[in-house]
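J.: dropping a prediction and its sequence here:
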Amino acid sequence: MRRISSGELAKVFQAITGPTRIIASGNFATPKALLKLADENIAEFRLFMLGAQKGIPDREGVIFESPFLGPGMRRSPRLNYIPCRLSLVPVIIRDHYQPDVVLLHGSTVRDGKISLGVEVNVLPAAIEAAKANGGIVVVQSNPQMPYTFGDAEVSVDDIDYLIKVDEELTEAPKIELNDTSIEIGGRIAKQVANGSTLQLGIGAIPNAVIAAMQKHQGLKIWTEMFSDGVLGLARSGAIDPDSTLTASFLFGSRDLYDWVDGNERVRMHRTEITNDPGVISMQMQMTSINAALQVDLYDQANASYVNGQPYSGFGGSTDFIVGALHAMGGASFMALPSWHGKSGNSNIVHRLSETVTSFQHSFVVTEQGVAPCFGRNASEQASNLIENAAHPDAREFLRDAARESGLL
């Protein structure tokens, strides 16, 4: 590893010629200083990130690539969206999207290592692909990045260049819970037994589930990401004190970042471990809780497309749904409001008009109730969704549509 200045790194970037692909830390670990230097010194490049936030290089000459979109890439005319479940993204990096440059946001050096802190995810795979194909690995070393353990730790021997920065980490905006999300969260929480292992997605409904589980006992965490809600569960005593909290990336506040810094109970692992359905299925009473935009009477969910355009991507929900269904005592919950207030339409529909993100869930939950799906025949499944999950104003239409299609 060579420690260099920003000016020296600029010269390294200026020497890069030909087609260039950059894979950078995503989500809330965006390496802003490194991306700025790349933007200023590399005329054209492809930028591969997960959950990219606003403020990344965005101009002609920069092509976006991502299997999971954040606000920094969403709806861009220069976006190449890559359909892929999160557990397989390391495979496409290895075989199809090898990086020429990997830009990482890490901690300060400790005992010959830096930590990737709040974002491990697919980055170990990116580092390996770069080293195998003659690429370079660059780290911005930041004292504000928490030092986390597991696959977050990277040897300085795997780093080509390191620059020092002192940069505030992006913090997750506070999500306000409304009456609908609180009702849905409470319904799911009642279904989750003490001692369960939790995977929670992002948004108001997963946050509401956590808020309703403060008095649970013996909970465990095996998830692709967690936020401040899990910290609240730990402080309330709901999490098994002898368990390890496993994740691959974090969304949260400075309070969360300070809590995970040097915390041996938190293990940050690469996506191939956290999102492997086989490994997920071995967790005790694995309980997957995710949100959807729409669910149809065939128990197919759309969680990634809006008006024919990718809004996010598959993410890890499909990995955890499959893993939870295979787990002993496991369950997969798909949650959503029954009614879309702005459009005045039902979110429980006869058949999805958008791309299917996932299917076969244990339960679909709205503020109206809990619809058991897995293990039911097609008619029972449709009936449960209509009578237990759909808004009352949509039920008669859905019954008629189900009869016409032979579901009822």
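T.: Now that the structure is in, tell me what you want to look at.

J.: pop the domain breakdown of this protein in here.
T.: Listed domain ranges for the chain are 2-164, 179-404 (source: automatic domain parsing).

J.: end to end, how far does the shortest one reach?
T.: Criterion CA to CA, to the nearest Å; first-to-last residue distance in domain 2-164 is 12 Å.

J.: likewise the last one?
T.: Between the opening and closing residues of domain 179-404 we find a distance of 35 Å, counting by CA to CA.

J.: distance between it and the chain's centre?
T.: With CA atoms, centre = their mean, to the nearest Å as the basis, domain 179-404 stands 12 Å off its chain's centre.

J.: hmm, back to that, need the domains of the chain in TSV (columns: mean neighbour count, distance to Pro173 and mean pLDDT).
T.: From N, CA and C alone the C-beta is placed, and that goes for glycine too. Formatted as TSV, these follow (neighbours: other CB atoms under 10 Å; distance: least, CB to CB, whole Å; pLDDT from 0 to 100):
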stretch	mean neighbour count	distance to Pro173	mean pLDDT
domain 2-164	19	11	97
domain 179-404	20	10	95
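
J.: I'd like the ones you listed as a markdown table, with distance to Glu171 appended.
T.: Formatted as a markdown table, the domains of the chain follow (distance: least, CB to CB, whole Å):
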| stretch | distance to Glu171 |
| --- | --- |
| domain 2-164 | 7 |
| domain 179-404 | 5 |
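
J.: now do the helices in the stretch 51-200 of the chain.
T.: Applying DSSP state H, counting those that start in this stretch to the stretch 51-200 of the chain gives helices spanning 89-95, 123-132, 179-191.

J.: which among these is found nearest to Pro57?
T.: The minimum distance between Pro57 and the helices of the stretch 51-200 of the chain falls on helix 123-132, with 17.7 Å, by CB to CB.

J.: that closest one packs against which elements?
T.: The contact analysis (3 or more CB pairs under 8 Å, 6 or more residues apart in numbering; DSSP states H and E) places helix 123-132 against strand 21-24, helix 89-95, strand 101-106, strand 136-141.

J.: how about these in JSON lines, adding distance to Pro67?
T.: Formatted as JSON lines, those follow (distance: least, CB to CB, whole Å):
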{"stretch": "strand 21-24", "distance to Pro67": "12"}
{"stretch": "helix 89-95", "distance to Pro67": "5"}
{"stretch": "strand 101-106", "distance to Pro67": "17"}
{"stretch": "strand 136-141", "distance to Pro67": "21"}
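
J.: Asp276: which of these is closest?
T.: That would be helix 89-95 among the helices and strands packed on helix 123-132, by CB to CB, at 10.6 Å.

J.: how about Asn27, what does it touch?
T.: By CB atoms under 8 Å, 6 or more residues apart in numbering, the contact set of Asn27 is 50-51, 53, 70, 118-119, 121, 225, 249, 251.

J.: oh, that last question was meant for Thr274, not what I typed.
T.: Here Thr274 is in contact with 222-224, 246-248, 316 (CB under 8 Å, 6+ apart).

J.: kindly recompute the last result at 10 Å.
T.: For Thr274, the contacting residues are 86-87, 120-121, 150-151, 199, 222-225, 246-249, 267-268, 280, 316, 319-320, by CB atoms under 10 Å, 6 or more residues apart in numbering.

J.: ok, now Leu233?
T.: 198, 200, 210-211, 213-214, 216, 219, 221, 226, 239, 245.

J.: kindly report the same for Tyr298.
T.: Counting by CB under 10 Å, 6+ apart, Tyr298 touches 350-352, 356, 359-360, 373, 378, 381-382, 385, 405, 407.

J.: just the ones of those in strands?
T.: Phe359 (DSSP state E).

J.: let me know the closest of the contacts of Tyr298 to Ala172.
T.: Val356 (28.3 Å).

J.: wait, doesn't that closest one sit right on Ala301?
T.: Yes: look at Val356 against Ala301 with CB atoms under 10 Å: they come within range, at 7.2 Å.

J.: could you report the separation of the spatially closest residue to Ala389 that is not a sequence neighbour from Arg94?
T.: In space, and not counting its chain neighbours, Ala389 is closest to Ala371: 4.0 Å by CB to CB, 6 or more residues apart in numbering. From Ala371 over to Arg94 the distance is 40 Å, taken as CB to CB, to the nearest Å.

J.: sec struct for the nearest residue to Phe333 once chain neighbours are set aside, please.
T.: With sequence-adjacent residues excluded and distances taken as CB to CB, 6+ apart, Phe333 is closest to Ile289, at 4.8 Å. Secondary structure, DSSP: H, G, I helix; E, B strand; the rest coil: Ile289 is strand.

J.: next up, the contacts around Ile289.
T.: By CB under 10 Å, 6+ apart, Ile289 lies in contact with 185, 188-189, 191-192, 198-201, 205-206, 209-210, 223, 317, 320, 324, 331-335, 363, 365.

J.: which two among the contacts of Leu233 are spaced furthest apart?
T.: Pairwise over those, using CB to CB, the maximum falls at Ala211 and Leu245, 18.0 Å.

J.: output the helices of the stretch 51-200 of the chain in JSON lines; the columns should cover distance to Val306.
T.: Shown next, in JSON lines, are those (distance: least, CB to CB, whole Å):
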{"stretch": "helix 89-95", "distance to Val306": "22"}
{"stretch": "helix 123-132", "distance to Val306": "28"}
{"stretch": "helix 179-191", "distance to Val306": "19"}
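
J.: can you name the residues bridging to Ser346?
T.: Here Ser346 sits in beta bridges with Trp339, going by DSSP bridges.

J.: touching, it and Ala394? I think so.
T.: Yes: contact criterion CB under 10 Å: Ser346 and Ala394 qualify, at 3.5 Å.

J.: what touches both of those two?
T.: Any residue near both Ser346 and Ala394 by CB under 10 Å, 6+ apart counts here, and that gives 338-339.

J.: wouldn't Met284 be in contact with Ile221 here?
T.: No: the pair Met284 and Ile221 does not pass the contact test of CB under 10 Å, sitting 11.5 Å apart.

J.: so for the two, which residues contact both of them?
T.: 197, 240, 243.

J.: nearest residue to the last one in space, please, no chain neighbours.
T.: The shortest distance from Ser243 to any residue other than its chain neighbours is 4.6 Å, reached at Lys220 (CB to CB, 6+ apart).

J.: ok, now how distant is the one you found from Ile163?
T.: 38 Å.

J.: in the stretch 301-408 of the chain, which spans are helices?
T.: In the stretch 301-408 of the chain, the segments counted as helices under DSSP H, counting those that start in this stretch are 317-326, 378-384, 392-404.
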